[in-house]
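Visitor: I would like to see how this sequence folds:
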Amino acid sequence: MTKQEMLERVIASYEHYYDVNRDTPTEPFVAEAVFRSHGEEYFLIKSAKLTEMDSSEVAFFADVEHLDTTEYERLVDKVWDETLSRADVKPNHRNSDGILIIAADEIDADTKKKIKKTRRYKSYRFTLWGWSELRVIAYEHASAKVVSNRQGDMLKRLFTIKK
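Guide: Numbers count the residues shown, from 1 in each chain. Modelled structure (predicted):
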């Protein structure tokens, strides 16, 4: 399976629950996916609302030939800035998370270490109004290895090939 086919398969897996934009994604990404959720809890009747909360996630997909630390930092900064600018922070806000998914032919050893150590987190009003965090996962096609930060570990199953 080629790198582009693998990335296409991952993007297609997001189409079930996310609004995927392939036509006009934020530069330099090949696609982006947005998920929004609103939940409410009531006590017996709708007029007795207990809580309500809003959650959102934005996933950005990058296709890179050679991923070095400079390119990686540029992608991470862009995703983090976009995530924070799209966060609708208000009393019922729960979380607004950003996801960076990178498909690369090769990844430098230093960049792999940097990916594992990446942590971006922001709380709003001491988490009373929610938080934002960044998940990162990178697929190296040359070795078929996946590298992620701690928050992105849950995304590793996206790159498993079923036989």
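
Visitor: OK, contacts around Ser123?
Guide: Gly130, Trp131 (C-beta atoms under 8 Å, 6 or more residues apart in numbering). Quick note: C-beta positions are derived from backbone N, CA and C, even for glycine.

Visitor: Leaving out chain neighbours, which residue sits closest to the residue most central in space within the chain?
Guide: Residue closest to the average C-alpha location in the chain (C-alpha atoms, centre = their mean): Ile99, at 1.0 Å. Counting by C-beta to C-beta, 6 or more residues apart in numbering, Ile99 lies nearest to Ala59, which is 4.0 Å off, once chain neighbours are set aside.

Visitor: for Ala142, same thing?
Guide: Once flanking residues are discounted, Ala142 sits nearest to Glu106: 5.2 Å by C-beta to C-beta, 6+ apart.

Visitor: which element is that neighbour on?
Guide: Assigned by DSSP states H and E, Glu106 belongs to strand 93-107.

Visitor: after that strand comes which helix or strand?
Guide: helix 109-117.

Visitor: okay, the angle between that next one and strand 93-107?
Guide: Put simply, helix 109-117 runs at 160 degrees to strand 93-107, going by axes from the mean of the first three to the mean of the last three C-alpha atoms, to 10 degrees.

Visitor: Helix 109-117 packs against which elements?
Guide: Contact partners of helix 109-117 among helices and strands, from 3 or more C-beta pairs under 8 Å, 6 or more residues apart in numbering; DSSP states H and E: helix 69-86, strand 131-140, strand 145-148.

Visitor: For the first one, buried residues please.
Guide: Of the residues in helix 69-86, those with enough neighbours to count as buried (16 or more other C-beta atoms under 10 Å) are Glu71, Tyr72, Leu75, Val76, Lys78, Val79, Trp80, Glu82, Thr83.

Visitor: contacting residues for the fifth one?
Guide: With C-beta under 8 Å, 6+ apart as the criterion, the residues that contact Lys78 are Thr26, Pro28, Phe60.
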